[in-house]
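Q: Coordinates only, no sequence provided:
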């Protein structure tokens, strides 16, 4: 795990001190070593967090054996040993003898031998850049699901890239023009979806995507898409699915335990992290460290469940009970870590548990991805309800009823109120967390910000035409095609897999853990497991009203069912209560009329009304209060 930065320019190259500033801004991602490469056109910088092969030989930038290619790389490729053996077998005479035991060298030689197609052979999380010294070309790759970040800038003459946005801002010639569309997206979703960032001239490389940069310009292409992996034939046999899923999960965890430094698991006490922990215990030759976090407020404290599961599995367990004082210490690090507006408040406890873990380990495993693959969120139930013909017909009368009920139920009203022209998937995601609807954003912002529309996010189709590879040669083209119909829950989960997972959850974990030089791996997002999960019968994911049914049945083979007979809580902090009490000063500092006018983005009248309603008892507004605080603070500190 590392931080990478660099540039390619055929006009005015960056100065050495600019490349060093870019790279050093990522020191938290790689405190163990730094390295640089520069020639007339290209500069590469690397900060290393040593995980596999701790020797200096494995430092980067690294040169290929033929001297033609240079690599800087952030991430882990777990099948590097298998890939190295495959390369040697396919090319026994010319394959070079490896000088290190690192995955970096295997990746580099694979690219040298196979070209850009090498990426199809990788199992892991990665952001990789290769420089072709002979042709003065860059090749950049981001992993299939978007676990590792990759930001880039392109103005027609200068291409620059980095692991974090802050690194690119070290380049003097890069302006900071705000992307008004991104502000709209942020208030609607709580994050800014790729390829956008808060700046109009800096972009995120989308998951599963390759960039080639040369004298001819920049060319972007997809090398993997989950939608292209959808099959026309669903696996409906429960026993067969359980065996295959269990084997894939076991293989993924076993792969991701490879490390030359101490490792642990983030154990929340929920389904996903408990399964990861149980399988890690089986494969580990040493006691597994587990880490959990709880809150002084009993309603938000799952640490007791985590402790009980850790005791059952026999892990070396560490817990941290958080108060508002601990959260307060993380407010500034939170804003510094994410660089652009980012509203997921669970990033704060994620940073706290990462800080705790960093005292014991360098690598952690986490359970991200299980909810999106196996229908774990309440939003999927809402997608199912809203797709029902009777519910569609009755939703507006029902909205009126919920409007008259208590604060707890008033948030449902907004879920039911949507225009037919709206993207129902983004609407459900937004309102499940009670952020702003598109029409409300227009009212909340002042000109010119309220003139921008939201990004057009790709909405999963209900029907996919899939070409089946059939043996019969006499079949015509139409006979080779089949239709895969996705139900509403599948569509919503696929939408989350495309946007919410990479741009919120994985972003949250990456920045929070790397802030404390921790590498976090996510076994559920092994692409083999993702592709398999997307092609099992959805009835095995949501069965008789039970979410994540098949995953729970596998988990119960390791840990008794009784440990999980409780409602899903999620990884959140008591923000509603804290904003009214201990963190109220944030509301008073950033949402008072004078500060709102000074920041010059929010409508002072609408903001004042929202604050007044929140303190008058409309508790469901707390996420709107928080997201506007985040936006205000960012604007005041970065606008100029």
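A: Looks like it arrived, so ask away. Just so it is clear, the model here is predicted, and its values are computed rather than measured.
Q: Double-check that residue 160 belongs to a helix.
A: No: checked against DSSP: H, G, I helix; E, B strand; the rest coil, residue 160 lies outside a helix; its state is strand.
Q: secondary structure element for residue 373?
A: Assessed by DSSP states H and E, residue 373 sits inside helix 370-374.
Q: just checking, what packs against that helix?
A: Secondary-structure packing of helix 370-374 (3 or more Cβ pairs under 8 Å, 6 or more residues apart in numbering; DSSP states H and E): helix 271-283, helix 527-533, helix 549-555. (C-beta placed from N, C-alpha, C; glycine too.)
Q: quick check: mean pLDDT across it?
A: For helix 370-374, mean pLDDT rounds to 98.
Q: Can I get the helices and strands packed on helix 370-374 in a markdown table including distance to residue 38 and mean neighbour count?
A: Listed next are the helices and strands packed on helix 370-374 as a markdown table, based on distance: least, Cβ to Cβ, whole Å; neighbours: other Cβ atoms under 10 Å:
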| stretch | distance to residue 38 | mean neighbour count |
| --- | --- | --- |
| helix 271-283 | 41 | 23 |
| helix 527-533 | 34 | 19 |
| helix 549-555 | 49 | 20 |
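Q: Turn the ones you listed into CSV, columns for distance to residue 411 and mean pLDDT.
A: Formatted as CSV, the helices and strands packed on helix 370-374 follow (distance: least, Cβ to Cβ, whole Å; pLDDT from 0 to 100):
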stretch, distance to residue 411, mean pLDDT
helix 271-283, 25, 97
helix 527-533, 30, 98
helix 549-555, 27, 97
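Q: With respect to residue 71, which of the ones you listed lies nearest?
A: helix 527-533 (21.2 Å; Cβ to Cβ).
Q: which is the next helix or strand following that closest one?
A: Note on helix 527-533: by DSSP H and E, the next helix or strand toward the C-terminus is strand 542-543.
Q: That next one: partners in the sheet, and parallel or antiparallel?
A: strand 546-547 (antiparallel) (DSSP bridges).
Q: outside of the partner strand, which residues touch it?
A: The contact list for strand 546-547, computed with Cβ atoms under 8 Å, 6 or more residues apart in numbering, reads 374-376, 380-381, 541, 552, 568.
Q: from the residues you listed, which single one is nearest residue 210?
A: Nearest to residue 210 out of those is residue 374 (Cβ to Cβ; 29.3 Å).
Q: The closest one - nearest residue in space that isn't next to it in sequence?
A: residue 548 (4.3 Å; Cβ to Cβ, 6 or more residues apart in numbering).
Q: So what's the residue count around that neighbour?
A: Using other Cβ atoms under 10 Å, residue 548 has 25 neighbouring residues.
Q: Residue 385 versus that one, what's the distance?
A: Here residue 548 is placed at a distance of 18 Å from residue 385 (Cβ to Cβ, to the nearest Å).
Q: And for residue 271?
A: For residue 271, the distance to residue 385 (Cβ to Cβ) stands at 23 Å.
Q: For stretch 356-369, measure first residue to last.
A: One end of stretch 356-369 to the other measures 23 Å (Cα to Cα, to the nearest Å).
Q: tell me how far that stretch is from the chain's mean position?
A: 16 Å (Cα atoms, centre = their mean, to the nearest Å).
Q: tally of neighbours for the nearest residue to residue 323 once chain neighbours are set aside?
A: Using Cβ to Cβ, 6+ apart and skipping residues adjacent in sequence, the residue nearest residue 323 is residue 296, 5.0 Å away. Neighbourhood size, residue 296 [other Cβ under 10 Å]: 13.
Q: and the gap between the most centrally placed residue in the chain and residue 360?
A: Note on the chain: the residue nearest the mean C-alpha position is residue 506, at 2.1 Å, using Cα atoms, centre = their mean. Noted for residue 506: a distance of 23 Å to residue 360, by Cβ to Cβ.
Q: next one: residue 492
A: Using Cβ to Cβ, residue 492 is found at 38 Å from residue 360.
Q: And residue 423, by the same measure?
A: The gap separating residue 423 from residue 360 is 43 Å, by Cβ to Cβ.
Q: Give me the more crowded residue out of the two.
A: The residue with more neighbours, out of residue 423 and residue 360, is residue 423; 19 against 14, by other Cβ under 10 Å.
Q: which residues touch that one?
A: With Cβ under 8 Å, 6+ apart, residue 423 has these contacts: 457, 459.
Q: how much space between residue 565 and residue 456?
A: Using Cβ to Cβ, residue 565 is found at 43 Å from residue 456.
Q: and the residue nearest to residue 77 when sequence neighbours are not counted, what is it in contact with?
A: Spatially, and ignoring its direct neighbours in sequence, residue 77 is nearest to residue 124 (3.8 Å; Cβ to Cβ, 6+ apart). Taking Cβ under 8 Å, 6+ apart, we find residue 124 in contact with 75-79, 103, 143.
Q: Report pLDDT for residue 124.
A: We have a pLDDT of 98 for residue 124.
Q: by contact count, what packs against the lowest-mean-pLDDT helix or strand in the chain?
A: Least confident helix or strand of the chain, by mean pLDDT, DSSP states H and E, is helix 407-416 with a mean of 84. Contacts defined by 3+ Cβ pairs under 8 Å, 6+ apart place helix 407-416 against helix 378-387, helix 389-403, helix 424-432.
Q: which residues touch the shortest one?
A: This means helix 424-432. Contact with helix 424-432 is made by 188-190, 377-379, 382-383, 386, 411, 414-415, 418, 436-437, 454, 457, 459-460, 491-492, 495-496, 499-500, as judged by Cβ under 8 Å, 6+ apart.
Q: Filter those down to just the buried residues.
A: The neighbour-count test (16 or more other Cβ atoms under 10 Å) marks 188-190, 377, 379, 382-383, 386, 411, 414-415, 418, 436-437, 454, 457, 460, 491-492, 495-496, 499-500 as buried among these.
Q: Can you give me the neighbour number for residue 603?
A: Residue 603 is flanked by 18 other residues according to other Cβ under 10 Å.
Q: Now do the same contact list for it.
A: Listed by Cβ under 8 Å, 6+ apart, the contact set of residue 603 reads 443-446.
Q: All good on my end, thank you.
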